[in-house]
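Trainee: Here is a sequence together with a model predicted from it:
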Amino acid sequence: MHTKRKGYRVERKIRLLFQKSGWTVIRAGASLGEADLICLKKGRCILLQIKSTNKKTLYYYGYNKHEFEGFPFFLVVDFGYNKIRILPPNQKITGADGELLKSFLKVY
């Protein structure tokens, strides 16, 4: 039960960051299967799988393609201490991989 609560809190945190940057965000959760959040902005749509860890490395065994049904698919990993990374899915992710979410949101 604690794990589900933590997952929801991290999803909510990511959702709020996207919304502050002008995105409309829909929580998909298990309904879509692969994506936790669907993000829409000015005719664009991206799909996000949200993960969190307190370790230096996350091993991800989920959906591993850069697109899902033709839409960009990203993995967002919260490593804690305001270190949230966004990147295409990969099996092994460290806190140095991808891009800081704040930088991503400034450009996207």
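Mentor: The structure has been received and is ready for your questions.
Trainee: Helices of the protein, residue ranges please.
Mentor: Applying DSSP state H to the chain gives helices spanning 2-20, 101-107.
Trainee: Quickly, which of the ones you listed bottoms out on average pLDDT?
Mentor: Mean pLDDT is lowest for helix 2-20 among those, at a mean of 83.
Trainee: Find me the pLDDT at the residue nearest to the spatial centre of the chain, would you?
Mentor: Among the residues of the chain, the one closest to the centroid is Val76, at 2.8 Å (C-alpha atoms, centre = their mean). Predicted confidence (pLDDT) for Val76: 97.
Trainee: who's it bridged to?
Mentor: Under the criterion DSSP bridges, Val76 forms beta bridges with Ile50, Ile86.
Trainee: from what I can see it touches Ser52, true?
Mentor: No - using C-beta atoms under 8 Å, Val76 makes no contact with Ser52, being 9.1 Å away. No exception for glycine: its C-beta is placed from N, CA and C like everyone else's.
Trainee: contacting residues around Lys83?
Mentor: For Lys83, the contact set (C-beta atoms under 8 Å, 6 or more residues apart in numbering) comprises 95, 100.
Trainee: From Arg15, how far off is it?
Mentor: The gap separating Lys83 from Arg15 is 18 Å, by C-beta to C-beta, to the nearest Å.
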